[in-house]
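A.B. asks: next one to model:
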Amino acid sequence: MKRKNGDKETPEKNDSISSGILSEVGKILGLEGILKKAATMHPIKERLEEIDDEIKQRLSELPAKETGEGGPGVKRGIGRRSVIRARPSGVRKPVRTELEVDIFDEEDWIDVIAVIPGVDEGSIEIKLEGNRLNITVSKGGKRIRKELSLPCSPQGELTRMCKNGIFEVRINKKKE
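C.D. replies: Coordinates of the predicted model:
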């Protein structure tokens, strides 16, 4: 149906939700003209009105959005940094109870590499007894201990180095 606007005729604007959705989909698909004409046909127009009523009913049944002060994940103010995230009480980060250690058996020596983040070299104690290597780490009042069995008998001094949380011990092999 057309109405007169001054001396120009313009199509009657249908402000229903479903016809707006149909119009936008038509723009996306390039079928805007066809869908506008189809929306004016009696059976389609009735169906669009039914869809509008259903949308309005479902929207009215939704629970009202609660607003409150603070709480987990509530955004305050403007910007990314203003989101407050609360950690559930009683939940802690897992505490490392065992060392991650790799043993490399080279031709003339044995390399023992351990991942120990956040610990300086002075907090690490090493004991070599026979072919057993004990590593003890003291951190924050807690001690973590790891006993390793070496693949062969060691000889002489061992060298140690700690850098960026990676602890390396080099032990010379006994020459046969």
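A.B. asks: burial count for Leu148?
C.D. replies: 17 (other C-beta atoms under 10 Å). All C-beta atoms are positioned from the backbone trio N, CA, C, and that covers glycine.
A.B. asks: check which residues of stretch 168-176 are buried.
C.D. replies: Across stretch 168-176, burial judged by 16 or more other C-beta atoms under 10 Å covers Val169, Arg170, Ile171, Lys173.
A.B. asks: show me how far that stretch is from its chain's centre.
C.D. replies: Centroid displacement of stretch 168-176 relative to its chain, using C-alpha atoms, centre = their mean, to the nearest Å, is 43 Å.
A.B. asks: save the buried residues of stretch 168-176 as a markdown table, and put in secondary structure, distance to Lys56 and pLDDT too.
C.D. replies: Formatted as a markdown table, the buried residues of stretch 168-176 follow (DSSP: H, G, I helix; E, B strand; the rest coil; distance: C-beta to C-beta, whole Å; pLDDT from 0 to 100):
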| residue | secondary structure | distance to Lys56 | pLDDT |
| --- | --- | --- | --- |
| Val169 | strand | 73 | 92 |
| Arg170 | strand | 76 | 93 |
| Ile171 | strand | 78 | 91 |
| Lys173 | strand | 82 | 86 |
